[in-house]
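Novice: mind folding the following:
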Amino acid sequence: MPAAYEVVIFGATGFTGKFVADYFATAVREQRPALRWALVGRDRAKLQQMADALAAEHRIAAPPILVASSDDATSVDAAVGQARVVLSTAGPFAKMGTPVVDACVRLGVHYVDINGETGWHRSIIDRYDAAARQKGVVLVPSCGFDSIPSDLGAAWVAGALASKFGVPARRVSCYVALRGNFSGGTVSSGIMSEETHGTTLSDPFLLGGKRPCCSTPRAEDADVQTAAFDEMVGSWTAPFGMATINTRIVRRSVGLLEEAQPGRAAAAAFARDFGYIERALAPAEAVAVKMARSMSVPAAKRRQLVEQGRLPKPGNGPTAEQRAKAWFRFLFVAEAADASKKVVGSVSGGDPGYVETAKMVAEAAVMLATTPLAELSPLAARGGLLTPTTAFGARLRERLHDTGILFEQLDGLPPMAPASKL
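Specialist: Presented below is the predicted three-dimensional model:
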């Protein structure tokens, strides 16, 4: 019996969920008017108010609503059981996500989310990956700003290097410039993740992908923690706040490709001693040092700042004016063992945390709901807990490029101007 809805949006009334719902009411509806989707949340009145507002603003029929709460398994099952794909923005995921994933695996429903909680991510790999493979269920966490630009971007430039020079990428270095603000939900998720999982989050291979070349951890795989001048790009750099998420996703992608497709083109783009690292660009040494210091603020202090109103509380986030001025650009440099062989690429877009995240996760969900798994990728056809690269690959990258998240190969390194869009 076909599902009642191709996609249901869990957490639709949350700060990010509202952007996802709006994207479905506009871009998705325009591209796929027959696609059936519904809003899911805990509060019926808020859901109805949102559905009515979408209908009035966009002159559409009000989307259906489904009431479900993560602490009520019966309601979660009822909502999940009506979907082909669950799209979840409901965090913190360590608190609210597991019952939804559990229902998806039991009921044979695919799943995507925007989570950046690598400790929780590890726990659902351990608990659900094997069962999802057995049932052919595809689970793809981290389909927002963390970590689609990093994951699709790294695989793209590595593949371009292999295609151009006939050799695999020894390393991909990513340099990030952005302007944007975080919501209270993002802040809360980060605090809870650190408090729950502690030092395990520092494991560079927390999500898998350990290199077959090396029995012990390498210094090059450790997270960037200090300010430094980078000779390759001629700029000061600092730790990037999302690198501890993105690097784990990229490494998992490489590991999954090698596990499932040894010798095939996608896996062969990465050398056995492949390394991936991310850094933030800074306009001056003093700024880089300040950025590095901010990364060391412990969870307890951040929680205090939330209570004092100096960091946003859940439900709050950047204003429309702030979002309109926001942007991001990731610069990727793929190098062979012979470092003279390089490929440079850029991934860029608008407001990263909300407008573009909504676009990324919505397009991933629609693709998963409407495309036969065998056409997406060999790993999608197998099922299990995947990454954006291993589930969707070039198909999603090309789709996002068409929507305005630009993947552009460059002739060389551009002049560094980290305070601007490069």
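Novice: from here on, just use CA atoms for contacts and neighbour counts.
Specialist: Fine.
Novice: just for the chain, where's the confidence low?
Specialist: Along the chain, the parts satisfying pLDDT under 70 run over 1, 182-199, 261-266, 297-302, 305-306, 308-316, 415-422.
Novice: for it, give the strand that spans the most residues.
Specialist: Counting by DSSP state E, the longest strand found in the chain is strand 270-282.
Novice: that one pairs with which strands?
Specialist: Here strand 270-282 is paired, per DSSP bridges, with strand 169-179 (parallel), strand 235-238 (antiparallel).
Novice: got a markdown table for those strands, with distance to Ile114 and mean neighbour count too?
Specialist: Shown next, in a markdown table, are those (distance: least, Cα to Cα, whole Å; neighbours: other Cα atoms under 10 Å):
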| stretch | distance to Ile114 | mean neighbour count |
| --- | --- | --- |
| strand 169-179 | 19 | 23 |
| strand 235-238 | 25 | 26 |
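Novice: now for those strands, which one comes closest to Asp102?
Specialist: strand 169-179 (34.2 Å; Cα to Cα).
Novice: using PDB, list the CA coordinates for that closest one.
Specialist: What follows is strand 169-179, C-alpha atoms only, in PDB (Å, rounded to 0.1, in the frame of the first residue of the first chain):
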ATOM      1  CA  ALA A 169      43.600  12.600  -3.900                       C
ATOM      2  CA  ARG A 170      46.200  12.400  -1.100                       C
ATOM      3  CA  ARG A 171      44.500  15.200   0.800                       C
ATOM      4  CA  VAL A 172      41.600  17.700   0.500                       C
ATOM      5  CA  SER A 173      42.000  21.000   2.400                       C
ATOM      6  CA  CYS A 174      38.900  23.100   3.000                       C
ATOM      7  CA  TYR A 175      39.000  26.800   3.900                       C
ATOM      8  CA  VAL A 176      35.700  28.400   5.100                       C
ATOM      9  CA  ALA A 177      34.500  32.000   4.900                       C
ATOM     10  CA  LEU A 178      31.000  32.900   6.000                       C
ATOM     11  CA  ARG A 179      28.700  35.400   7.500                       C
END
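Novice: that strand: how far from the chain's middle?
Specialist: For strand 169-179, the gap between its own C-alpha mean and the chain's C-alpha mean amounts to 15 Å (Cα atoms, centre = their mean, to the nearest Å).
Novice: for stretch 101-117, same thing?
Specialist: 14 Å.
Novice: with stretch 64-79 instead?
Specialist: 25 Å.
Novice: mind listing the helices for the stretch 151-300 of the chain?
Specialist: Using DSSP state H, counting those that start in this stretch, the helices of the stretch 151-300 of the chain run over 184-197, 243-260, 265-268, 285-294, 299-307.
Novice: so Asn246 sits right up against Ser147, yeah?
Specialist: Yes. Asn246 is in contact with Ser147 according to Cα atoms under 8 Å; the separation is 5.2 Å.
Novice: ok, these two, which is more surrounded?
Specialist: Legend: neighbour count by other Cα atoms under 10 Å for Asn246 and Ser147, higher for Ser147 (28 against 25).
Novice: and the more buried one, what does it touch?
Specialist: Going by Cα atoms under 8 Å, 6 or more residues apart in numbering, Ser147 touches Gly116, Ile245, Asn246, Ile249, Pro388.
Novice: which residues sit in contact with Ala271?
Specialist: By Cα under 8 Å, 6+ apart, the contact list for Ala271 reads Pro168, Ala169, Arg170.
Novice: same list, these, but as TSV with distance to Ala27 please.
Specialist: Shown next, in TSV, are those (distance: Cα to Cα, whole Å):
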residue	distance to Ala27
Pro168	37
Ala169	36
Arg170	39
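Novice: now Thr357: which helix or strand?
Specialist: helix 357-370 (DSSP states H and E).
Novice: contacting residues around that helix?
Specialist: The contact list for helix 357-370, computed with Cα under 8 Å, 6+ apart, reads 6-7, 16-17, 19-20, 23-24, 84-87, 110-114, 143-145, 148, 392, 396, 399-400.
Novice: go on, stretch 2-11?
Specialist: For stretch 2-11, contacts defined as Cα under 8 Å, 6+ apart pick out 17, 20-21, 35-41, 79-91, 365-366, 369-370.
Novice: buried subset of the residues you listed, written for ChimeraX?
Specialist: To isolate the buried members of the contacts of stretch 2-11 in ChimeraX, using 16 or more other Cα atoms under 10 Å:
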select :17,20,21,35,36,37,38,39,40,41,79,80,81,82,83,84,85,86,87,88,89,90,91,365,366,369
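Novice: next step: the contacts of stretch 2-11 restricted to helices.
Specialist: Gly17, Val20, Ala21, Ala79, Val80, Ala365, Val366, Ala369, Thr370 (DSSP state H).
Novice: tell me how far Gly116 lies from Ala162.
Specialist: 30 Å (Cα to Cα, to the nearest Å).
Novice: comparing the two, which residue is more hemmed in?
Specialist: Gly116 (27 against 23).
Novice: which SS class is the more buried one?
Specialist: Judged by DSSP: H, G, I helix; E, B strand; the rest coil, the three-state class of Gly116 is coil.
Novice: doesn't Cys143 make contact with it?
Specialist: No. In this structure, Gly116 is not within contact of Cys143 by Cα under 8 Å, at 9.2 Å.
Novice: pretty sure Ala337 sits against Gly166.
Specialist: No. With contact defined as Cα under 8 Å, Ala337 does not count as touching Gly166 (11.9 Å).
Novice: specify the beta-bridge partners of Val138.
Specialist: Beta-bridge pairing of Val138 under DSSP bridges involves Gly384.
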